[in-house]
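*Asks:* Based on what follows, work out the 3D shape:
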Amino acid sequence: MKASEIRELTVEELEERVEELSLEYTKMKLTHAISPLENPTRIRETKKMVARLKTELRARELAQ
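*Replies:* I've put the predicted structure just below:
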């Protein structure tokens, strides 16, 4: 998801995506600890996406 796509989302959609991706990130970390994932870089990508979404939420919060 590109930055321009993130900016187009509503606050509710951003919060929903953060929740979904945070849960997915936690599951991937636990699964990877037990048996290696095929693509462990997805863990890092998911973590960065959560950070991007939270950054956009915070920017909107400060703008109000």
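
*Asks:* any idea how far the spatially closest residue to residue 43 that is not a sequence neighbour lies from residue 64?
*Replies:* Take residue 43 and drop its neighbours on the chain: the residue closest to it by CB to CB, 6 or more residues apart in numbering is residue 28, 5.1 Å away. Every C-beta, even on glycine, is put in place using the N, C-alpha and C of the backbone. Distance of residue 28 to residue 64, given as CB to CB, to the nearest Å: 33 Å.

*Asks:* And for residue 58?
*Replies:* Counting by CB to CB - residue 58 and residue 64 are separated by 11 Å.

*Asks:* more crowded one of those two?
*Replies:* Higher neighbour count among residue 58 and residue 64: residue 58, with 10 against 5, using other CB atoms under 10 Å.

*Asks:* Counting neighbours, which bits of the helix or strand containing the more buried one end up buried?
*Replies:* Using DSSP states H and E, residue 58 maps to helix 41-63. Within helix 41-63, the residues that count as buried by 16 or more other CB atoms under 10 Å are 43, 46, 49-50, 52-53, 56-57.

*Asks:* One more: stretch 20-33?
*Replies:* For stretch 20-33, by 16+ other CB under 10 Å, it's 21-22, 25, 28.

*Asks:* Now go through those and say which are in strands.
*Replies:* Among the buried residues of stretch 20-33, none falls in strands (DSSP state E).

*Asks:* right, and the residue nearest to residue 43 touches residue 42 too?
*Replies:* Yes: with contacts counted by CB atoms under 8 Å, residue 28 reaches residue 42, the gap being 6.5 Å.

*Asks:* Tell me the helices and strands packed up against the helix-or-strand element of the chain with minimal mean pLDDT.
*Replies:* One helix or strand of the chain scores below all others by mean pLDDT, DSSP states H and E: helix 3-8, with a mean of 92. Taking 3 or more CB pairs under 8 Å, 6 or more residues apart in numbering; DSSP states H and E as contact, the helices and strands that helix 3-8 lies on are helix 41-63.
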